[in-house]
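Chemist: what's the 3D shape of this:
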Amino acid sequence: MKKSRNKILRHSASERINHWLVVIAFIFTAFSGLGFFFPSLNWFMNILGTPQLSRLLHPFVGSVMAFLFIFMFFKYLKYNFVDKQDLIWAKNIHKVLNNEEAGDIGHYNLGQKGIYWVLSICLILLTVSGIVIWRPYFADYFSIPIIRLALLVHSLSSIVLIITVLVHAYAAFWVKGSIRSMVEGWVTRGWARKHHPRWYREILEQEKSKEKDK
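Modeler: Model prediction:
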């Protein structure tokens, strides 16, 4: 019972399922896309079966990823606006890199908010440019210069997206307890108090309110 009381729910089951479905879709689109972009990585296209099948399925899997991300975008939007405490966090980034915390951080810190907005912008650009270059369904409606521009935007956005996801994954492994929160859904009270003190106080207030209502 005491151990259970030490746990705080950070991500619900629906949030975790959605997150990992996005991850799976990202892996398929990223590897197949790199196979299209770099001749030396053509063998990556086999991730979806065959190179021909990858070319067919890549835009569909990408569309699924974008659709699933819409849920994440609106679910976490309210937590990702920059405030004064984020600026304090940024000014003390040297402490953060030494695994110390700075600022009265809420649900997410400035680094996590930055990743959220970069991912969101990249997926918007990838979706729009992907529609423009999607043969045989939409590409015929656009001129050659527009398609070339869309190809450039799609390629650059995908590279930025892949790099951002790698940074996100590294940070999750670096901060002990983060992976568990997205696998099992919970974090310890000590973890919450250290990394997200303002969010932890909000949780305490919610618990007190529930106790009063009983």
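Chemist: Tell me where this structure has strands.
Modeler: Along the chain, counting by DSSP state E, strands occupy 7-9, 186-188.
Chemist: so how far is the last one from its chain's centroid?
Modeler: Pointing back at strand 186-188 there. Centroid separation for strand 186-188 versus its chain: 20 Å, with Cα atoms, centre = their mean, to the nearest Å.
Chemist: again, but for stretch 34-51
Modeler: The chain centroid and the centroid of stretch 34-51 are separated by 24 Å, computed with Cα atoms, centre = their mean.
Chemist: for it, what is the average pLDDT?
Modeler: What stretch 34-51 shows for mean pLDDT is 86.
Chemist: In JSON lines: the strands of the chain, plus mean pLDDT, distance to H154 and mean neighbour count.
Modeler: Backbone N, C-alpha and C define where each C-beta goes, glycine included. As requested, these are exported to JSON lines (pLDDT from 0 to 100; distance: least, Cβ to Cβ, whole Å; neighbours: other Cβ atoms under 10 Å):
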{"stretch": "strand 7-9", "mean pLDDT": "93", "distance to H154": "38", "mean neighbour count": "16"}
{"stretch": "strand 186-188", "mean pLDDT": "95", "distance to H154": "37", "mean neighbour count": "19"}
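Chemist: Same list, the ones you listed, but as CSV with distance to L166 please.
Modeler: Formatted as CSV, these follow (distance: least, Cβ to Cβ, whole Å):
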stretch, distance to L166
strand 7-9, 28
strand 186-188, 23
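Chemist: nearest to S155, of those strands?
Modeler: strand 186-188 (37.4 Å; Cβ to Cβ).
Chemist: buried ones in the longest helix seen in the chain?
Modeler: Longest helix in the chain by number of residues (criterion: DSSP state H): helix 144-174. Neighbour-count burial for helix 144-174 flags 147, 150, 153-154, 157-158, 160-162, 164-165, 168, 172 (criterion: 16 or more other Cβ atoms under 10 Å).
Chemist: For I203, which of the strands of the chain is the nearest?
Modeler: strand 7-9 (5.7 Å).
Chemist: Each with direction, which strands does the closest one pair with?
Modeler: Strand 7-9 sits in its sheet next to strand 186-188 (antiparallel), going by DSSP bridges.
Chemist: check contacts around the closest residue to G185 other than its chain neighbours.
Modeler: Leaving aside its chain neighbours, G185 sits nearest to H11 (5.0 Å; criterion: Cβ to Cβ, 6 or more residues apart in numbering). Contacts for H11 (Cβ atoms under 8 Å, 6 or more residues apart in numbering) come out as H19, S181, M182, G185.
Chemist: of those, buried ones?
Modeler: For those, buried by 16+ other Cβ under 10 Å: H19, S181, G185.
Chemist: In this structure the last one contacts S14, no?
Modeler: No - G185 is beyond contact range of S14, at 10.3 Å (criterion: Cβ atoms under 8 Å).
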